[in-house]
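K.L.:
Got a predicted structure plus its sequence, pasted below:
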Amino acid sequence: MVWSLIKIVLFVVVVAGATLGIGLLLEQDGVVRIAVAGWEFSLGPVQLVVAGLVAMVVIWLVNKAIGLTLAVLRFLNGDETAVSRFFDRNREARGYQALSDGMVALAAGEGRLALIKAQRAEGYLDRPELTSVLLAQAAEAAGDGKKATAAYKVLLGDPRTRFIGIRGLLKQKLAEGDTETALKLAERAFEMKPRHAESQDILLKLQSETADWKGARTTLGAKLKSGALPKEVYRRRDAVMALQEARTVFDENASIEAREAAIAANRLSPDLIPAAAMAARSYLDKGDKKHATRVLKKAWEAKAHPDIAAAFAEIEPDETPTQRLKRFKALTTVHPDNPETAMLLAELHIADEDFGAARRALGDLPTRRPTQRSLAIMAAIERGEGADDGTVRAWLSKALTAPRGPQWCCDKCQAIHASWGPICSNCGGFDTLSWRDPVETTGRSATGAELLPLFVGSRTETAREPDGDST
């Protein structure tokens, strides 16, 4: 408000001053005569002032015209001028507008439109670190692999964008299935940015697929240092890789190194069942039954598993069933309520031909938690006790549609594997196999497999169900 008032006052003062000045000039009687080339001009005071102002405007216009002429001549000569800068700014504005439109189109999933805008931006702008990135991503979205490859190769020439180019080419090679070239690119990307999480994961996956366990353990260590991996997970996965190193050494018949690697894997992760079994067998190769027993006991305490029991049986291969039953108490007393313990005891009693004890050890497991294994054990018990064929077949028919029981299952894709491995053969997940009940449904199958007992025996024959008082 105050400033507006001040501006009004100043305007009035200026107008008043100009009016006063013009009045004073009009009161003057003097005349100025100017003679130029035979021409004579007589100017009064006011006319003189106006002529001066006109002369100043003319001089300014002439100066600008001369400058514009010189600028045009320099522009035509290729020199940088205001005219060239004007056109450059215009091209730059169009280029950045095309770049912006391309990014919006790419984000919207319009790959073909994004590619057109990226090519237009590339023509307007001399900024390959920007336009080539957009061009490559737009070409990928549009399905034009050749243009994407060419754009990524352009990025390799600039140190600022070299990593982007390598990463883009790496993804292309992975999509094409060229794992050999992809591995080299992944190693190069890892060298440039060892803390880059995506590069670490890709390199680790490729090294695992190519059985480069030594390199994979180095990459895994880098993930731990960068904070991308919890220490507990690192120890588990490092143990998995150490176990695979041990298996590789076994294949090469280098027993000393194999024993050391297997034992190291077990020490890294005592609950890793395959590592425990391999470490125990490594100790057995040295004749060290004491340490083999200790390793398997510790692994069984972590998780009761049939592979541990199988390795435990190998400690004394020539013992009698009675002796084995006694020695296995070191395992069977650890988890007495575990279904694996119940089935293990039942199998040991069956081997000892004590079928009553086997039935008591199995308890109500076939009815409370039926699995193919527990029902098969029950069929063996019935056979050992002299039951008729119909009763045995009835138990076996139940096993046809019973759940499989714990298996090596992939936590990522739920695929079931016959044996443990570091990589899921179905989805390629690393260290995703765990010993658990698979995700499956029960009931009538699409193939009618449950009707098979009709061909081998009458399903009306009823099996004797176990009860708590049976002996």
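P.N.:
Nice, I can see it.
K.L.:
Show me what the longest helix seen in the chain packs onto, helices and strands only.
P.N.:
If you go by DSSP state H, the chain has its longest helix at helix 45-76. Contacts defined by 3 or more Cβ pairs under 8 Å, 6 or more residues apart in numbering; DSSP states H and E place helix 45-76 against helix 2-27, helix 82-107. C-beta coordinates here come from the backbone N, C-alpha and C atoms, glycine included.
K.L.:
and these as a markdown table, adding distance to residue 284, mean neighbour count and mean pLDDT?
P.N.:
Output for the helices and strands packed on helix 45-76, formatted as a markdown table (distance: least, Cβ to Cβ, whole Å; neighbours: other Cβ atoms under 10 Å; pLDDT from 0 to 100):
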| stretch | distance to residue 284 | mean neighbour count | mean pLDDT |
| --- | --- | --- | --- |
| helix 2-27 | 98 | 10 | 77 |
| helix 82-107 | 61 | 15 | 83 |
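K.L.:
and the ones you listed as JSON lines, adding distance to residue 328?
P.N.:
Formatted as JSON lines, the helices and strands packed on helix 45-76 follow (distance: least, Cβ to Cβ, whole Å):
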{"stretch": "helix 2-27", "distance to residue 328": "100"}
{"stretch": "helix 82-107", "distance to residue 328": "64"}
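K.L.:
Next, give phi and psi for the residue nearest to residue 182 when sequence neighbours are not counted.
P.N.:
Spatial nearest neighbour of residue 182, chain neighbours left out: residue 173 (4.0 Å); criterion: Cβ to Cβ, 6 or more residues apart in numbering. Main-chain dihedrals, residue 173, degrees, to the nearest 10: phi -70, psi -40.
K.L.:
Then residue 423?
P.N.:
phi -120, psi 130.
K.L.:
and if you look at residue 430?
P.N.:
With angles defined as degrees, to the nearest 10, residue 430 sits at phi -100, psi 130.
K.L.:
Figure out the helix or strand that residue 391 lives in.
P.N.:
Taking DSSP states H and E as the criterion, residue 391 maps to helix 389-401.
K.L.:
Report the distance from the helix or strand sitting right after that helix along the chain to the chain centre.
P.N.:
Proceeding N to C from helix 389-401, the next assigned helix or strand is strand 407-410, under DSSP H and E. Its chain's average C-alpha position is 22 Å from that of strand 407-410, according to Cα atoms, centre = their mean, to the nearest Å.
K.L.:
I'd like the mean pLDDT over strand 407-410, please.
P.N.:
Confidence for strand 407-410, expressed as mean pLDDT, is 91.
K.L.:
Tell me the strands beside that strand, with direction?
P.N.:
Its sheet considered, strand 407-410 pairs with strand 416-417 (antiparallel), strand 433-436 (antiparallel) by DSSP bridges.
K.L.:
Return it as PDB; C-alpha atoms alone will do.
P.N.:
What follows is strand 407-410, C-alpha atoms only, in PDB (Å, rounded to 0.1, in the frame of the first residue of the first chain):
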ATOM      1  CA  GLN A 407      10.500 -84.100   1.800                       C
ATOM      2  CA  TRP A 408      13.100 -81.700   0.500                       C
ATOM      3  CA  CYS A 409      10.800 -78.900  -0.700                       C
ATOM      4  CA  CYS A 410      11.700 -75.600  -2.300                       C
END
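K.L.:
Give the buried residues for that strand.
P.N.:
Buried residues in strand 407-410, counted by 16 or more other Cβ atoms under 10 Å: 407, 408, 409, 410.
K.L.:
Could you single out the nearest of those residues to residue 123?
P.N.:
residue 410 (49.7 Å; Cβ to Cβ).
K.L.:
that older thread, buried stuff in the helix holding residue 391?
P.N.:
391, 392, 393, 394, 395, 396, 397, 398, 399.
K.L.:
same question, stretch 269-279
P.N.:
Of the residues in stretch 269-279, 269, 270, 272, 273, 274, 275, 276, 277, 278, 279 count as buried by neighbour count, 16+ other Cβ under 10 Å.
K.L.:
and it, average pLDDT?
P.N.:
79.
K.L.:
And residue 181, how close does it get to residue 174?
P.N.:
Residue 181 sits 9 Å away from residue 174, taking Cβ to Cβ, to the nearest Å as the criterion.
K.L.:
And for residue 274?
P.N.:
The value you get for residue 274 to residue 174, if Cβ to Cβ is used, is 29 Å.
K.L.:
again with residue 90
P.N.:
With Cβ to Cβ as the criterion, residue 90 and residue 174 are 42 Å apart.
K.L.:
shaky segments in the chain?
P.N.:
Along the chain, segments meeting pLDDT under 70 span 22, 24-38, 40-46, 48, 75, 78-84, 247-266, 270-271, 440-471.
K.L.:
how about a cut-off of 50?
P.N.:
For the chain, the stretches with pLDDT under 50 are 250, 252, 254, 451, 454-471.
K.L.:
care to break this protein down by domain?
P.N.:
Split into domains by automatic domain parsing, the chain comes to 230-314, 319-403+442-471.
K.L.:
Could I get the phi/psi values of residue 385?
P.N.:
Torsion angles, degrees, to the nearest 10, at residue 385: phi -90, psi 0.
K.L.:
Which residue is the nearest non-sequential neighbour of it?
P.N.:
Setting aside the residues directly before and after it, residue 385 is nearest to residue 355 in space (Cβ to Cβ, 6+ apart), at 4.9 Å.
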